[in-house]
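Chemist: sequence-free structure coming up:
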Ligand SMILES: [Zn+2]
């Protein structure tokens with residue numbers, strides 16, 4: 001049986017009372033198993049990587065701070081606690097996105113039920129992100145890659161890491177008047193107004209994908225943040241679940257039609273009701289699975 005889903009129970013870590021509910025990873029995984037979208041045999045577990053491996057993305061002083069759990073100007077803007085369990089989760093997630101990328105290169109698609117930590121920079125943490133799993137996978141895979149980042153927050157860390165890399169195209173569609181401010185420069189940034197609805201969003205996305213096609217990527221990382229949802233606590237777009245499902249379908253169809261391997265990572269999502277968040281992330285996996293990949 002082909003593996004297409006990467007997940008670890010160790011992604012669930014205690015952050016205290018925090019908008020980032022790591023239990024979501026386990027709940028999405030269990031929902032997909034229960035609904036027969038996923039079978040146990042199709043799941044690949046990430047492995048722990050060594051701090052040295054992460055030096056392909058991150059600076060040594062920053063890694064030393066993480067290794068020694070030191071609160072410094074490099075680690076303090078994570079907005080997360082700093083302990084071994086949490087740092088281990090980020091190390092695992094780096095391997096998770098890399099392993100999912102390798103699966104996608106074999107079978108055209110894969111889903112990482114984790115990752116998408118796009119606010120992490122080479123030399124510091126930000127916005128709930130210590131290590132940038134997207135950048136780690138891109139550096140390891142080393143193909144002409146397009147990052148389609150549709151989390152509601154700009155992928156500032158990823159944009160900065162690849163600002164001078166012609167082999168990586170970063171697209172970010174985000175809410176303009178929202179963290180991060182100021183923003184970094186992606187290859188293509190689209191800042192949306194508050195209250196942007198499904199129709200407007202999907203039209204903008206179609207246009208942006210058209211621009212990605214001119215780059216001719218060999219590989220796509222889709223950062224499928226759920227925080228574009230209308231009932232999100234940290235943002236104020238107006239997308240419905242159906243609109244987000246169409247968004248997913250549009251991005252995945254883009255890759256499918258062009259036979260470009262695609263890996264999906266979860267990224268953010270802070271809906272008031274946790275059930276909504278789980279449904280939105282699960283829908284993304286369902287859409288991915290609904291394509292006839294190997295025929
Ligand atoms: Zn976000």
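Modeler: Perfect, thanks for sending it. Owing to the predicted nature of the structure, the values given are computational and were not obtained by experimental measurement.
Chemist: Please give me every residue in contact with the residue of the stretch 151-295 of the chain found nearest the ion.
Modeler: Nearest to the ion, among the residues of the stretch 151-295 of the chain, is residue 268, at 2.8 Å (CB to the ion). Backbone N, C-alpha and C define where each C-beta goes, glycine included. Residue 268 sits next to 20, 116, 128, 151-153, 225-227, 234 when contact means CB atoms under 8 Å, 6 or more residues apart in numbering.
Chemist: filter those to the buried ones?
Modeler: For the contacts of residue 268, a burial check counting by 16 or more other CB atoms under 10 Å picks out 20, 116, 128, 151-153, 225-227, 234.
Chemist: what residues does the stretch 51-200 of the chain put near the ion?
Modeler: 151, 153 (CB under 5 Å from the ion).
Chemist: Strands along the stretch 51-200 of the chain, start to end?
Modeler: For the stretch 51-200 of the chain, the strands defined by DSSP state E, counting those that start in this stretch cover 109-112, 145-149, 168-175, 188-192.
Chemist: Reformat those strands as CSV; add mean pLDDT and distance to residue 254.
Modeler: Formatted as CSV, these follow (pLDDT from 0 to 100; distance: least, CB to CB, whole Å):
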stretch, mean pLDDT, distance to residue 254
strand 109-112, 98, 12
strand 145-149, 99, 8
strand 168-175, 98, 11
strand 188-192, 98, 14
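Chemist: Between strand 188-192 and whichever strand or helix holds residue 207, find me the angle.
Modeler: Here residue 207, judged by DSSP states H and E, is contained in helix 198-215. With axes from the mean of the first three to the mean of the last three CA atoms, to 10 degrees as the basis, helix 198-215 and strand 188-192 are set at 170 degrees to each other.
Chemist: which parts of helix 198-215 are buried?
Modeler: Of the residues in helix 198-215, those buried by neighbour count under the rule 16+ other CB under 10 Å are 198, 200-202, 205, 208-209, 212, 215.
Chemist: For whichever strand or helix holds residue 222, what does the pLDDT average out to?
Modeler: Under the criterion of DSSP H and E, residue 222 resides in strand 219-223. Within the predicted structure, the mean pLDDT of strand 219-223 is 98.
Chemist: report the longest helix in this protein, please.
Modeler: helix 84-107 (DSSP state H).
Chemist: buried stuff in that one?
Modeler: For helix 84-107, the neighbour count (16+ other CB under 10 Å) marks 86-87, 89-104 as buried.
Chemist: try stretch 151-166
Modeler: Neighbour-count burial for stretch 151-166 [16+ other CB under 10 Å]: 151-162.
Chemist: same thing with stretch 258-275?
Modeler: Neighbour counts over stretch 258-275 (16+ other CB under 10 Å) mark 260-271 as buried.
Chemist: Which members of the residues you listed occur in strands, if any?
Modeler: Taking DSSP state E, the ones among these that sit in strands are 262-265.
Chemist: which pair in the residues you listed spans the largest distance?
Modeler: 262 and 265 (10.7 Å; CB to CB).
Chemist: so what sits against both of these two?
Modeler: Shared contacts of residue 262 and residue 265, counting by CB under 8 Å, 6+ apart, come down to 221-222.
Chemist: and residue 240, what is it in contact with?
Modeler: Contact analysis of residue 240 by CB under 8 Å, 6+ apart lists 198, 229-230.
Chemist: Residue 226 - nearest residue in space that isn't next to it in sequence?
Modeler: Leaving out its chain neighbours, the residue that sits closest to residue 226 by CB to CB, 6 or more residues apart in numbering is residue 269, at 3.0 Å.
Chemist: re the thing from before, and which of the ones in strands among the buried residues of stretch 258-275 is nearest residue 169?
Modeler: Closest to residue 169, out of all of these and judged by CB to CB, is residue 262, at 14.0 Å.
Chemist: Can you tell me the closest non-neighbouring residue to that closest one?
Modeler: Nearest residue to residue 262, sequence neighbours excluded (CB to CB, 6+ apart): residue 255, at 3.8 Å.
Chemist: Give me the neighbour count for whatever residue of the stretch 1-150 of the chain ends up closest to the ion.
Modeler: Nearest residue of the stretch 1-150 of the chain to the ion, counting by CB to the ion: residue 127, 7.5 Å away. By other CB atoms under 10 Å, 21 other residues sit near residue 127.
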